[in-house]
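Chemist: Could you work out the structure for the sequence below:
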Amino acid sequence: MRIKIRKELLEYLLELARGFHPNEFAGFLRENNGVFEEVLIVPKGYFGRNSVFFDPWLLPPDESIKGTVHSHPIPNAEPSKADLGFFSKFGGVHVIIAFPYTEEDVKAYGSDGKELEVEVV
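Modeler: Have a look, this model is predicted:
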């Protein structure tokens, strides 16, 4: 399976990851006509070196949210056990951006943890 992400959004996500380093950041991805185009940063989140905590009740009811994104401040974009647990509860697409936060460091996964192809449009 393949996901599509707008180039401008991907560039912004890479900048966010660099700006939050050495901590992780997290957000929710909005999709429009099959393309991820916007990010909502986790409201009132705790952005730590190894994890992000947030209250999901603070998210707006928004049916265009079809995925999540977060960074790993290490050079490994593979999902952790905690990531896989979150993926299975939230569903959708999950993007991980690993250090040093280049386009080559971006991976996407389905809710089952299987890697998805990323197409930049």
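Chemist: so where is this structure shaky, pLDDT-wise?
Modeler: Filtered on pLDDT under 70, the chain yields the residue ranges 44-48, 51-58.
Chemist: Going along the chain, name the helices of it.
Modeler: Using DSSP state H, the helices found in the chain span residues 7-20, 81-90.
Chemist: If you drop the residues flanking it in sequence, what lies closest to the residue nearest to the spatial centre of the chain?
Modeler: A centroid search over the chain (Cα atoms, centre = their mean) returns Val69, at 0.8 Å, as the residue closest to the centre. Leaving aside its chain neighbours, Val69 sits nearest to Val95 (4.2 Å; criterion: Cβ to Cβ, 6 or more residues apart in numbering). Backbone N, C-alpha and C define where each C-beta goes, glycine included.
Chemist: Identify the residues contacting that neighbour.
Modeler: The neighbours of Val95, taking Cβ atoms under 8 Å, 6 or more residues apart in numbering as the test, are 3, 5, 13, 29, 36, 67-70, 106-109, 118.
Chemist: Could you measure from it over to Glu117?
Modeler: Distance of Val95 to Glu117, given as Cβ to Cβ, to the nearest Å: 12 Å.
Chemist: joint contacts of those two?
Modeler: The contact sets of Val95 and Glu117 overlap at Ile3, Ala108 (Cβ under 8 Å, 6+ apart).
Chemist: Most neighbours among the contacts of Val95, please name it.
Modeler: Counting neighbours by other Cβ atoms under 10 Å, Val69 leads those with 27 neighbours.
Chemist: so that residue makes contact with Phe20?
Modeler: No. Using Cβ atoms under 8 Å, Val69 is not in contact with Phe20, being 11.6 Å away.
Chemist: I'd like the helices of the chain laid out as TSV, including distance to Asn50.
Modeler: Formatted as TSV, the helices of the chain follow (distance: least, Cβ to Cβ, whole Å):
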stretch	distance to Asn50
helix 7-20	13
helix 81-90	9
